[in-house]
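In: generate coordinates for the sequence data below:
(chains A and B)
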Protein chains: 2
Amino acid sequence: MFLAEKGIDMEYVQVDIQKGENLSAEMRAKNPLGKVPVLELDDGTCIAETDAICTYFEALQPQPSLMGTSPLEKATIAMWQRQVELALMLQVGMCFQHTTGYFKDRMLPVPEYGKEAGVNASKYLNILERRLELNDYIAGPRFSIADITALCAIDFARVVDIRLTEKHKNLNAWYQKVSQRESAKA
Amino acid sequence: MFLAEKGIDMEYVQVDIQKGENLSAEMRAKNPLGKVPVLELDDGTCIAETDAICTYFEALQPQPSLMGTSPLEKATIAMWQRQVELALMLQVGMCFQHTTGYFKDRMLPVPEYGKEAGVNASKYLNILERRLELNDYIAGPRFSIADITALCAIDFARVVDIRLTEKHKNLNAWYQKVSQRESAKA
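Out: Have a look, this model is predicted:
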């Protein structure tokens, strides 16, 4: 979605994480943590971590800006991006990994912790709901990477049955607006 | 340490997190997640999240650069910074919170998960050890924010008894070098 907003073409190679293809020696040579996505440049240089890959393309092609232009805007977007990642996306991921046992061949699920992570994620939706009372987008007046991360996290949250409800009035309006962007089809 | 590297003065206000001063209504107005640090500007604008605060000062005063200058250097530093944060600092923090019960007045410790987080942190030290075989600093040839985060995480890890050992030859040499910087006294 970030690349689509910037109109950057990309060749995608699917890696089957359920089968553990991301943990092969070949993939670990590209990213020691064995996680996806990994951006591989023509010279073989690899950049892992979604946020780092976005940082690369934001620097390479600053417009349209998704990570801010002034120091304060950059910092504000970085703050919301990070809080959405840590307090929502990561919590949904931990809830998924620890309550479903989807990766139990490679990690020890601790369901009690998974449930706690799910509660954390639900609580953060209320923080976003209040944030969107006075702001059109999560990081402020402009659409940014934080909106993309929040959209993906909210979509992902359905797998652990965490959903927006009627009380999330602002979040629902924001969700409609953001998910209808052309880039959301990417 | 980041500010000291850039020679930026700052007025610090201590917040007692053990007493939960970070969870007051006043602090939540500055940062809804109730976490520290928070940078408060003269006009009252608040920026939370260490990485976002560093992003602000890097944009405001780019030299000496601690987050990279070219697109590839920015992305490489962002990748290592993030992996050190998520695979080391966060894991040490989770191990601390879930095994010691330090914050049990405000969260449910799950010791089994805490132990797993500690194992994750120890494993990541081995990735850093291999990384430093061919690189002077964590993100490459230059000192960066990733070295600061790793230094702080390794120092913090002592509270859960995770330490560098004799087998961490490269990491020990790097630790000596980085901890002897003038900024490490900050």
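In: only C-alpha atoms from now on, for both contacts and neighbour counts.
Out: Fine.
In: wait, does stretch A:19-32 make contact with chain B?
Out: Yes: counting by Cα under 8 Å from any Cα of the partner chain, chain B has neighbours in stretch A:19-32: A:P32.
In: and the residue nearest to A:D9 when sequence neighbours are not counted, what helix or strand is that in?
Out: In space, and not counting its chain neighbours, A:D9 is closest to A:L3: 7.2 Å by Cα to Cα, 6 or more residues apart in numbering or on different chains. If you go by DSSP states H and E, A:L3 is part of helix A:2-6.
In: contacts for that helix next, please.
Out: Contact with helix A:2-6 is made by A:D9, A:C54, A:F57, A:Q61, A:Q63, A:P64, A:L66, A:I145, A:I148, A:S183, A:A186, as judged by Cα atoms under 8 Å, 6 or more residues apart in numbering or on different chains.
In: the third one reaches B:P71, doesn't it?
Out: Yes: with contacts defined as Cα atoms under 8 Å, A:F57 counts as touching B:P71 at a distance of 7.4 Å.
In: that older thread, which element follows the helix holding A:L3 toward the C-terminus?
Out: helix A:25-30.
In: so how far is the helix or strand that that next one is followed by from its chain's centroid?
Out: The first helix or strand that comes after helix A:25-30 along the chain, using DSSP H and E, is strand A:38-40. Centroid separation for strand A:38-40 versus its chain: 16 Å, with Cα atoms, centre = their mean, to the nearest Å.
In: now stretch A:145-159
Out: 6 Å.
In: for that stretch, buried residues please.
Out: A:I145, A:A146, A:D147, A:I148, A:T149, A:A150, A:L151, A:A153, A:I154, A:D155, A:F156, A:A157 (16 or more other Cα atoms under 10 Å in any protein chain shown).
In: contact partners for the residue of chain A most remote from its centre?
Out: Going by Cα atoms, centre = their mean, the residue of chain A most distant from its centre is A:D43, 27.0 Å out. Taking Cα under 8 Å, 6+ apart, we find A:D43 in contact with no residue.
In: ok, back up a step: the more surrounded of A:F57 and B:P71?
Out: A:F57 (19 against 16; other Cα atoms under 10 Å in any protein chain shown).
In: elements contacting whichever strand or helix holds that one?
Out: Using DSSP H and E, A:F57 sits in helix A:50-60. Packed against helix A:50-60 by the contact rule (3 or more Cα pairs under 8 Å, 6 or more residues apart in numbering or on different chains; DSSP states H and E) you find strand A:38-40, helix B:71-84.
In: give me the buried positions along that helix.
Out: Buried residues in helix A:50-60, counted by 16+ other Cα under 10 Å: A:T50, A:D51, A:A52, A:I53, A:C54, A:T55, A:Y56, A:F57, A:E58, A:A59.
In: any chance of these in a markdown table, plus pLDDT?
Out: Below are the buried residues of helix A:50-60 laid out as a markdown table (pLDDT from 0 to 100):
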| residue | pLDDT |
| --- | --- |
| A:T50 | 98 |
| A:D51 | 97 |
| A:A52 | 98 |
| A:I53 | 98 |
| A:C54 | 98 |
| A:T55 | 98 |
| A:Y56 | 98 |
| A:F57 | 98 |
| A:E58 | 98 |
| A:A59 | 98 |
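In: cool, thanks, talk later.
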